[in-house]
Every structure is written in C-alpha cells, then in structure tokens.
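In: how does the following fold in three dimensions:
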Amino acid sequence: MQTGRESQKDNDLFFTCSLIDYIARKTTNTRVDTVNALGKERLEKIYELADIYHSDNIDRVSEDFIEEAHIKKGSFDNVSECGYSIPTHWDIGKVYKRLIKQAAEYEKIGIIDALIKVYNSFISPKIDDYNSSVYYENPSYIFESYRENMML
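Out: Predicted coordinates:
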C-alpha cells in the first residue's frame, strides 16, 4: 500500500532498522550483536507490527525488546567516539533500509533474511563507524561495496 512517498512495508523496514540502531545505542552494542540477540523471530515481529510500534514511544518499545531478548550492556559506543556530527538512529535506519531493500531484491530473499545478512556482513561496522564517511555515501555505492564484499 502506498500512503506517501514510500510503501508501508518500506516504512516498516525503516522503523525496524531505526529501532535496531536505537537499541544498539542504548545498550552500547554493535548493530550485528543487537540483530543477532533479537533473532529472526523477534525481527519478523518488529517488522510485521512496525506501524503499531511506530505510534508508541520508541524508548518504551526498545525497553520491551531489550528485556525480552535479554540484551546485556555492551562496550561499543560509536556515539561518544564520534568526532563529527552524530547521525540519528533515524538517519542510520534509512541507510540500512535502502541497503537491505537492494540486497533482498538482488539476492531474491526475504526482507528479514536480507536484514540479517546485511547486518552480519563486512559493511555493517563500516556504516557504524561515524568517524568514516560510509554512512552518508551514495546508496548505490554502499550496495555495490556490499555486493563486492569490499569497499570500492
């Protein structure tokens, strides 16, 4: 369904990726550790119910999933280590959403499978290094780098 510039499922993926980043920041974990701690079943639930979760307070929603998945405090703090303007969890959610959509289409796999694959790839730590320029690069450059399994 198209309710604006993007489809509802694109918005749901955007929220899912933004929530992952929010949880990772809150628990000082890497994004891949957060994704793997949530697991495929919870990620599918977040994606399927994103329109409902999106209308709730993201802090409360994140607390529920942190507790449910038993996500412990980590030591990865890319926010305080950033020497430049810090992108928001919404900014990073948009980067991952675009990449995951392209990966799913290219690899002919479902969105959640693509999400797990992208976050577990070499490019995730590159995107999450806010002192690098990867997170604000052109989406097609990020995708081609992901596809080639190396920064081009």
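
In: now Asn149: closest residue in space that isn't a chain neighbour?
Out: In space, and not counting its chain neighbours, Asn149 is closest to Phe122: 6.2 Å by C-beta to C-beta, 6 or more residues apart in numbering. (Glycine included, C-beta is placed from N, CA and C.)

In: ok, now Lys72?
Out: Spatial nearest neighbour of Lys72, chain neighbours left out: Thr27 (7.2 Å); criterion: C-beta to C-beta, 6+ apart.

In: for stretch 80-92, buried residues please.
Out: Within stretch 80-92, the residues that count as buried by 16 or more other C-beta atoms under 10 Å are 87, 89, 92.

In: what segments of this structure are helices?
Out: Taking DSSP state H to define them, one finds helices in the chain at 8-27, 31-48, 50-54, 58-68, 89-107, 111-119, 123-127, 139-148.

In: just checking, what packs against the last one?
Out: The one in question is helix 139-148. helix 89-107, helix 123-127 (3 or more C-beta pairs under 8 Å, 6 or more residues apart in numbering; DSSP states H and E).

In: for the last one, which positions count as buried?
Out: If I follow you right, that is helix 123-127. Buried positions in helix 123-127, judged by neighbour count with 16+ other C-beta under 10 Å: 123-124, 126-127.

In: before we move on, back to that, I'd like to know which of the helices of the chain lies nearest to Glu81.
Out: helix 8-27 (11.9 Å; C-beta to C-beta).
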